[in-house]
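Engineer: return atomic coordinates for the entry below.
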Amino acid sequence: MTRRRTGATAIASNPVLVGVATTLVIVVAVFLAYNANAGLPWVPSYRLTAEVPSAANLVRGNEARIGGLRVGVIDAITPIRRADGTYGSILDLKLETTVRPLPKDSTVIIRPRSALGLKYLQITRGTSSEGFKDGANIPITSYAAIRPVDIDVFYSMFDERTRKAAQDNLAGYGNAFAGRGQSINRAIEAFVPLARNAQAVFRSITSPDARLENFFKEQGDAARIVAPVAEIQGELFANLDRTFTAFAEVARPYIQQSIERGPSGLDTATDVFPKLRPFFSNAAQFFSELQPGTRALRASSEELADAFVTGVTATRRSVQLNSRLAGFLRALQRFSRDPVVPIGLRDLVSTVEALDPTLAYLTPAQTVCNYVGLFMRNASFLASEGDANGTWWRFIPIITPQGPNNETGPSSAPASGGGPTVVDSTRNFLHANMYPNTASPGQNPRECEAANEKYIGGRTVIGNPPGNQGINRQEAVDAPVEGSQ
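Structural biologist: So this is what the prediction gives:
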């Protein structure tokens, strides 16, 4: 007679059911292990939010601690923009129910967990009888006022300039003592009587009658007085460093020889200077009598200097010019006798007279605003830069704003607002100035308007913008600058 197998025995003997049960247990275990840092599911928690100035390398799942013990995790991090334009972060905290309620005078601060950059949120419990309710927000005012210096911030002070200066200091001290052992020994030997005699000096300084404390007070007053010129003093030391660096290159043998020969030079000067005194007296009288003439030449000194420079160059070239001038004059004589020349000259005069109004109108665009020079400079740079694959056009891609009557397609009217943006200065407003002022005759005001006009946000601007943009110009001597005229 065959016995009936029980339900448990039937399941145990079925490989499919055993595999399904095993897989289910593994999936549940993996799920619980994966979510362990964020808190186990179906476990009640105390939810709060905290506003902090910066997330400071926090990530979702970082711990929240009280007194060094883990009491929860950071469930989410959300950036925010405050009303004053600054930014911060909102931390969603998932805390254990044992800390409920958290006193309202509690403080929070972000601390490093290790030197590798891990962070955690430290909560310091307050003593208030009122606590935060579930879902309440810990305000930014609860962020700790005294913030410890993190190790990464501490090491950031050793920037490249500081490291280079430390290396220079070590090299300088090493070079200063190198090869000077005998001098250092003599100095140490001389310090013995100095220390013996210094005892009496220090006793006098430290006596009550010396009032040494006033010395430090006066030093503080002196430091406070020179504080406004501290930057100038710093530049002075930097300039002195460059000066002494230059002297170091000629210290030996030139400066050394100058010092060695200085006594004999002083003796010579003592003997010669009395004999030179009459010459200096006559020279002083001579220059005094020259003063009226030099004052008269002061107004034309620059023109005279340019004339001398030009005259020297022209004189050197005049020899070659004279040899070629005879041939030029003969050619000019043949040209003047040609009957067609007067007709051509009359036509040239008519052409110049016809072009005169146009040139008078266009000339200020270059002479005042330098637009032609800037155009040629930017055009030369346009196709001259690139890489091994060739050159490229130098440009900034501009995406037109979205909205009705925008510039990407046909429109029924000038764009006057609308679109998905919120800030007024970036709404869909048309700004077009087809004929900007270029300081030409008849244009009022006299200005270099192209590329100098200010962008007026929040409204449509067609034609010349209000105000005078000035006649600022940029010389075409360097690579083109984005946004300049």
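Engineer: got any ranges where the stretch 351-485 of the chain has weak pLDDT?
Structural biologist: For the stretch 351-485 of the chain, the stretches with pLDDT under 70 are 381-399, 420-426, 473-485.
Engineer: again with the chain
Structural biologist: 1-14, 16-18, 28-43, 115-117, 145-149, 151-152, 381-399, 420-426, 473-485.
Engineer: tell me the domain ranges of it?
Structural biologist: Annotated domains of the chain cover 1-34, 45-148, 340-485 [automatic domain parsing].
Engineer: now render those domains as CSV, adding mean neighbour count and distance to Thr243.
Structural biologist: For every residue, glycine as well, the C-beta is placed using N, CA and C. Putting the domains of the chain into CSV (neighbours: other CB atoms under 10 Å; distance: least, CB to CB, whole Å) gives the following:
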stretch, mean neighbour count, distance to Thr243
domain 1-34, 10, 67
domain 45-148, 15, 43
domain 340-485, 13, 31
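Engineer: can you add distance to Thr313 and give these back as CSV?
Structural biologist: As requested, these are exported to CSV (distance: least, CB to CB, whole Å):
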stretch, distance to Thr313
domain 1-34, 86
domain 45-148, 62
domain 340-485, 24
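Engineer: all strands of the stretch 51-200 of the chain, in order?
Structural biologist: 63-66, 69-81, 87-95, 102-103, 107-112, 119-124, 131-132, 137-138 (DSSP state E, counting those that start in this stretch).
Engineer: again, but for the stretch 251-400 of the chain
Structural biologist: Using DSSP E, counting those that start in this stretch, strands in the stretch 251-400 of the chain cover 386-387, 390-391.
Engineer: and the next helix or strand past the last one?
Structural biologist: On the C-terminal side of strand 390-391, the closest following helix or strand by DSSP states H and E is strand 431-432.
Engineer: for stretch 58-75, how far is the first residue from the last?
Structural biologist: Counting by CA to CA, to the nearest Å, you get 11 Å between the two ends of stretch 58-75.
Engineer: how near is Ile26 to Val20?
Structural biologist: 11 Å (CB to CB, to the nearest Å).
Engineer: among the strands of the stretch 51-200 of the chain, which is nearest Asn185?
Structural biologist: strand 107-112 (49.5 Å; CB to CB).
Engineer: show me what the closest one is packed against.
Structural biologist: Judged by 3 or more CB pairs under 8 Å, 6 or more residues apart in numbering; DSSP states H and E, strand 107-112 is in contact with strand 46-52, strand 119-124.
Engineer: residues making contact with it?
Structural biologist: 50, 52, 54-56, 58, 118-124, 126, 138, 142-144, 147-148, 150-152 (CB atoms under 8 Å, 6 or more residues apart in numbering).
Engineer: what's the angle from it to strand 87-95?
Structural biologist: Strand 107-112 and strand 87-95 are oriented at 100 degrees to each other (axes from the mean of the first three to the mean of the last three CA atoms, to 10 degrees).
Engineer: distance from strand 107-112 to the middle of the chain?
Structural biologist: Strand 107-112 sits 31 Å away from the centroid of its parent chain (CA atoms, centre = their mean, to the nearest Å).
Engineer: and the angle for that strand with strand 119-124?
Structural biologist: 150 degrees.
Engineer: got the angle between strand 107-112 and strand 46-52?
Structural biologist: 80 degrees.
Engineer: hey, C-alpha coordinates of strand 107-112 in PDB?
Structural biologist: Only the C-alpha atoms of strand 107-112 are listed here, as PDB (Å, rounded to 0.1, in the frame of the first residue of the first chain):
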ATOM      1  CA  THR A 107      22.600  72.600  14.200                       C
ATOM      2  CA  VAL A 108      23.900  70.800  11.100                       C
ATOM      3  CA  ILE A 109      27.200  70.900   9.300                       C
ATOM      4  CA  ILE A 110      28.900  68.900   6.600                       C
ATOM      5  CA  ARG A 111      32.100  67.100   7.700                       C
ATOM      6  CA  PRO A 112      34.700  64.900   6.000                       C
END
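Engineer: sorry, back to before: out of the strands of the stretch 51-200 of the chain, nearest to Ile188?
Structural biologist: strand 107-112 (46.8 Å).
Engineer: which residue ranges form the helices in the stretch 251-400 of the chain?
Structural biologist: All helices of the stretch 251-400 of the chain, identified by DSSP state H, counting those that start in this stretch, fall at 256-260, 262-298, 301-337, 340-367, 371-382.
Engineer: make JSON lines from the helices and strands packed on strand 107-112 and add distance to Thr270 to it.
Structural biologist: Listed next are these as JSON lines, based on distance: least, CB to CB, whole Å:
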{"stretch": "strand 46-52", "distance to Thr270": "78"}
{"stretch": "strand 119-124", "distance to Thr270": "77"}
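Engineer: Val99: which of those strands is closest?
Structural biologist: When the helices and strands packed on strand 107-112 are ranked by proximity to Val99 (CB to CB), strand 46-52 comes first, at 6.2 Å.
Engineer: thinking again about what came up before, JSON lines for the helices of the stretch 251-400 of the chain, including distance to Gly67?
Structural biologist: Formatted as JSON lines, the helices of the stretch 251-400 of the chain follow (distance: least, CB to CB, whole Å):
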{"stretch": "helix 256-260", "distance to Gly67": "69"}
{"stretch": "helix 262-298", "distance to Gly67": "74"}
{"stretch": "helix 301-337", "distance to Gly67": "80"}
{"stretch": "helix 340-367", "distance to Gly67": "75"}
{"stretch": "helix 371-382", "distance to Gly67": "64"}
